[in-house]
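**Student:** predicted model and sequence follow; I will ask about them next.
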Amino acid sequence: MKLSKYIHPVLLFILSYVFIYPIFQNSGLWASFDTPFHVTMIAQFHNALRNVYFPVVWMQGVANYGLPFGLIAHPLTSYFGGMMTLVTQNPIVSYKVLWLIFSF
């Protein structure tokens, strides 16, 4: 295999990390109007996945908008964050890692 095949993805990952690095310097969250909401969603998905409740329907937690909305709103990133929180045991770290992955 050619090494040049991997140069672009590696450079893109490094560039992504340069832009995301500041959020890993602080242990808390940065100032944003929806960051606490997303971290709470990740924590709720983590709790549901840990208790083997699938598919996750977060109706009794944050943002109770009604049955259909709970099934389709933010599921992909919340599932990724919930599964990652099973490993990290910290929804804030999971949220920051998701920023790195999705910026890549």
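**Tutor:** Cool, got the structure. Numbering: from 1, shown residues only.
**Student:** alpha carbons only for contacts and neighbour counts from here, please
**Tutor:** OK.
**Student:** by contact count, what packs against the host helix or strand of residue 40?
**Tutor:** Per DSSP states H and E: residue 40 is located in helix 35-50. Packing contacts for helix 35-50, counted by 3 or more CA pairs under 8 Å, 6 or more residues apart in numbering; DSSP states H and E, involve helix 75-88, helix 91-103.
**Student:** need those in TSV with mean neighbour count, distance to residue 34 and mean pLDDT, can you?
**Tutor:** What follows is the helices and strands packed on helix 35-50, written out as TSV (neighbours: other CA atoms under 10 Å; distance: least, CA to CA, whole Å; pLDDT from 0 to 100):
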stretch	mean neighbour count	distance to residue 34	mean pLDDT
helix 75-88	19	14	87
helix 91-103	18	12	86
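**Student:** export the ones you listed to JSON lines and tack on distance to residue 51?
**Tutor:** Below are the helices and strands packed on helix 35-50 laid out as JSON lines (distance: least, CA to CA, whole Å):
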{"stretch": "helix 75-88", "distance to residue 51": "11"}
{"stretch": "helix 91-103", "distance to residue 51": "16"}
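**Student:** returning to what we had before: check which residues of the helix holding residue 40 are buried.
**Tutor:** Under the neighbour-count criterion of 16 or more other CA atoms under 10 Å, helix 35-50 has 38-49 buried.
**Student:** off-centre distance for it?
**Tutor:** Chain-centre distance of helix 35-50: 9 Å, with CA atoms, centre = their mean, to the nearest Å.
**Student:** could you list the low-confidence segments of this protein?
**Tutor:** For the chain, the stretches with pLDDT under 70 are 1, 57-74.
**Student:** need the longest helix for it.
**Tutor:** Ranked by number of residues, the top helix in the chain under DSSP state H is helix 4-25.
**Student:** got a list of contacts for it?
**Tutor:** With contacts defined as CA atoms under 8 Å, 6 or more residues apart in numbering, helix 4-25 is touched by 29-30, 96, 99-100, 103-104.
**Student:** okay if I get the residues you listed as TSV plus distance to residue 7?
**Tutor:** Formatted as TSV, those follow (distance: CA to CA, whole Å):
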residue	distance to residue 7
29	32
30	32
96	25
99	22
100	18
103	17
104	14
